[in-house]
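S.K.: Turn this into a model:
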Amino acid sequence: MGGAGSAQAITSNTAFDGIMNRFQQSRYFQDQEKTRANIASNIEFTGIGGAYSANVKAQNRQSGQQYAEQKGLGRNKIYDIPNATPAGQKTRLIVTNNTWTTVTVSIKGWYRTN
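M.R.: Below is the predicted model:
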């Protein structure tokens, strides 16, 4: 998760294991090249600490545009995250805690930007 580096085009799953920041501060996943236009990104949380849930949205790294945030995501379900980043441009997912909490929350799962 996180980091300013970039990755190759991803249509396969990328695992993550880390934390959601407290106070609803953003956690940025690695930049990746969007490979397919008009296709949502996907994420699945296989673990979220406590009884918390997550909010996730995609961002076009060239334009800075952020797309519709999906709120209240839980465990063990694959979610579609709207991502209108054109093919060939960099994109990333942004994760925040669904509630205003003073603790960091462990998260684990996978995502793909498509």
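S.K.: Strands of this structure, start to end?
M.R.: For the chain, the strands defined by DSSP state E occupy 6-7, 14-20, 27-28, 31-33, 41-48, 54-60, 70-73, 78-81, 90-97, 105-112.
S.K.: is it true that residue 71 touches residue 55?
M.R.: Yes. Taking Cβ atoms under 8 Å as the definition, residue 71 is a contact partner of residue 55 at 4.7 Å. For the C-beta atoms, the positions are set from N, CA and C on the backbone; glycine is no exception.
S.K.: Of the two, which one has the most company?
M.R.: It is residue 55, of residue 71 and residue 55, that has more neighbours when counted by other Cβ atoms under 10 Å, with 18 against 12.
S.K.: Could you report the distance from the spatially most central residue of the chain to residue 37?
M.R.: By Cα atoms, centre = their mean, the chain has its centre lying nearest to residue 93, at 3.2 Å. Using Cβ to Cβ, to the nearest Å, we find residue 93 at a distance of 17 Å from residue 37.
S.K.: Turn the strands of the chain into JSON lines, columns for mean pLDDT.
M.R.: Output for the strands of the chain, formatted as JSON lines (pLDDT from 0 to 100):
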{"stretch": "strand 6-7", "mean pLDDT": "44"}
{"stretch": "strand 14-20", "mean pLDDT": "92"}
{"stretch": "strand 27-28", "mean pLDDT": "93"}
{"stretch": "strand 31-33", "mean pLDDT": "91"}
{"stretch": "strand 41-48", "mean pLDDT": "96"}
{"stretch": "strand 54-60", "mean pLDDT": "96"}
{"stretch": "strand 70-73", "mean pLDDT": "97"}
{"stretch": "strand 78-81", "mean pLDDT": "97"}
{"stretch": "strand 90-97", "mean pLDDT": "94"}
{"stretch": "strand 105-112", "mean pLDDT": "95"}
